[in-house]
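A.B. asks: following is a predicted model, sequence given first.
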Number of protein chains: 2
Amino acid sequence: MEYPSIAIIGGTGKEGMGLGLRWAYAGLNIVIGSRQEARARLAADNINNKLSIKSVTGMENKEAVEKSDICVLTVVHSAHQQIIESLLDVLHGKILVDCTARVDFQDPKPPDRPSAAEQAQILLGPEVKVVAAFQNVPAKSLIKVLDQPVDADVMVCSDDIQAAEQVIRLANIAGLRAYYSGRLENSNIVEGLTSILIGINKHYGVKNARIMVTGIPDPNSSDRK
Amino acid sequence: MEYPSIAIIGGTGKEGMGLGLRWAYAGLNIVIGSRQEARARLAADNINNKLSIKSVTGMENKEAVEKSDICVLTVVHSAHQQIIESLLDVLHGKILVDCTARVDFQDPKPPDRPSAAEQAQILLGPEVKVVAAFQNVPAKSLIKVLDQPVDADVMVCSDDIQAAEQVIRLANIAGLRAYYSGRLENSNIVEGLTSILIGINKHYGVKNARIMVTGIPDPNSSDRK
């Protein structure tokens, strides 16, 4: 198997759907996870129908993680701890890609530490490789035009640099530029950016303010420096 | 007087020189400040010669601030507290634009709170309007081509939104896009970004990784969304 299979926990939400859509479009093996199997199947069918494929499946969260190599967690912070605790045993030895930001959407401000991703690492222990990524990519940017690159960049933080590089490749496959942005502690800053972007959205009356990183030559493209 | 006059403290360094150059190019009244008057004058002459003008002056820090409406502080964090303490009385009632990031360049990681800009506000008290800005704009981007927009964006944080708006206008005059990014506490995140960008520079072997904010229609341009 060339590519890892990916379980998207919270895959019935917009962000998870957007990532699942892009990875499935690229030919990856995607399992949508939900607390309710029926909802997971509905979301999977939604992606299958959009892409005229049949490969995306929907399962209850735990089964989805068991069946996959990598778990991508796209849930709101209020659900974060409970879901991780319910997946402790099935995540053992795997990579958890945590897309959660520890942010109060009503009152965005610098998040307290530990960040959501640090909380995940504490709960899961050293046998799970936690990689923080995708927090600041609007779902709308993912869903827009599947054969075009996404106009938002990804800062990838992890204490395990091989795991981070694997997530960077997955981001690239999904059409996103992604950069290794240091150890997991830096996820505090990246999750804090979510607060700033929410504030910018409110202040400027927009919906999808986002971040791009420039100044790094892209080996796959000559148009950005 | 249409535009405020600006004292650049630490104006002999690259970042201060870059900002001074751009503002002087745009016709603003610039005073370069340094602990040594001779060095300040040399830096001022440097800008004057580059632009074939004579208006930029150089003075000892305190005098520079006294003579100006707005003070822009572009010093490293190790010099930050001492310089602010030396300017306590002359800054009273003014805007201090703090470009400092609380970062260890050897070991960049999430900065402890308070951020440099919060430290400035604590030292200066409520009579000085501290605005955090420009921390993540590489000097090289400022100096490159003066009549082109700078390819790095500015996140502007302050508890005083009018002061922030004034700094956003000054950034725009210098050719930078700048966005109000919330209260001064958010400067922690923006200064933390400096850590991440230093790490990205090291990891990717580049020198000027930087951030752009997208998703906000620019009233002055139609080419970016």
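C.D. replies: Perfect, I can see it now.

A.B. asks: other SSEs contacting the worst-scoring helix or strand of chain A on mean pLDDT?
C.D. replies: When the helices and strands of chain A are scored by mean pLDDT, DSSP states H and E, helix A:139-143 comes last with a mean of 93. Here helix A:139-143 touches helix A:14-25, going by 3 or more C-beta pairs under 8 Å, 6 or more residues apart in numbering or on different chains; DSSP states H and E. Just so you know, the C-beta spots here come from the backbone N, C-alpha and C atoms, and that holds for glycine as well.

A.B. asks: which residues does the helix it packs on contact?
C.D. replies: Residues from elsewhere that reach helix A:14-25 (C-beta atoms under 8 Å, 6 or more residues apart in numbering or on different chains): A:6, A:8-11, A:30, A:32, A:43, A:46-48, A:50-51, A:53, A:55-56, A:72, A:74, A:99, A:134, A:137, A:139-143, A:146-147, A:150, A:170, A:173-175.

A.B. asks: contact residues of chain A facing chain B?
C.D. replies: A:108-110, A:113, A:138, A:151-152, A:155, A:179-183, A:185-186, A:188-190, A:192-193, A:195-196, A:199-200, A:203-204, A:206-217 (C-beta under 8 Å from any C-beta of the partner chain).

A.B. asks: which of those are buried?
C.D. replies: A:108-110, A:138, A:151-152, A:155, A:179-183, A:185-186, A:188-190, A:192-193, A:195-196, A:199-200, A:208-216 (16 or more other C-beta atoms under 10 Å in any protein chain shown).

A.B. asks: just those: which are in helices?
C.D. replies: A:188-190, A:192-193, A:195-196, A:199-200 (DSSP state H).

A.B. asks: using CSV, lay out the residues you listed together with pLDDT.
C.D. replies: Putting those into CSV (pLDDT from 0 to 100) gives the following:
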residue, pLDDT
A:Asn188, 95
A:Ile189, 96
A:Val190, 97
A:Gly192, 95
A:Leu193, 96
A:Ser195, 94
A:Ile196, 96
A:Gly199, 96
A:Ile200, 97
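
A.B. asks: could you list the low-pLDDT ranges of chain A?
C.D. replies: A:1-2, A:219-225 (pLDDT under 70).

A.B. asks: any figure for the gap between A:Leu19 and A:Ala174?
C.D. replies: Separation of A:Leu19 from A:Ala174 (C-beta to C-beta, to the nearest Å): 6 Å.

A.B. asks: touching both of these two, which residues are there?
C.D. replies: Common contacts of A:Leu19 and A:Ala174, defined by C-beta under 8 Å, 6+ apart, comprise A:Leu142.

A.B. asks: wait, a strand at A:Val72?
C.D. replies: Yes - applying DSSP: H, G, I helix; E, B strand; the rest coil, one finds A:Val72 inside a strand.

A.B. asks: wait, it sits on A:Ile6?
C.D. replies: Yes - A:Val72 lies in contact with A:Ile6 (C-beta atoms under 8 Å); the separation is 5.8 Å.

A.B. asks: who's more crowded, the two?
C.D. replies: Neighbour totals were compared for A:Val72 and A:Ile6, and A:Val72 leads with 28 against 24 (other C-beta atoms under 10 Å in any protein chain shown).

A.B. asks: ok, now which ones touch that one?
C.D. replies: By C-beta under 8 Å, 6+ apart, the contact list for A:Val72 reads A:6-9, A:16, A:19, A:97, A:99, A:134.

A.B. asks: farthest-apart pair in the residues you listed, please.
C.D. replies: Largest separation among these by C-beta to C-beta: A:Ala7 and A:Phe134, giving 14.7 Å.

A.B. asks: show me where chain A has its strands.
C.D. replies: Assigned strands in chain A, in chain order: A:6-9, A:30-34, A:57-60, A:70-73, A:95-98, A:129-132, A:154-158, A:178-180, A:210-214 (criterion: DSSP state E).

A.B. asks: can you say which of the ones you listed is packed in most?
C.D. replies: Burial of the strands of chain A is given as mean neighbour count (mean count of other C-beta atoms under 10 Å in any protein chain shown); strand A:6-9 ranks first at a mean of 31.

A.B. asks: which helices and strands does that strand pack with?
C.D. replies: helix A:14-25, strand A:30-34, helix A:61-66, strand A:70-73.

A.B. asks: okay, now the sheet partners of it, with direction.
C.D. replies: In the sheet, strand A:6-9 lines up against strand A:30-34 (parallel), strand A:70-73 (parallel) (DSSP bridges).
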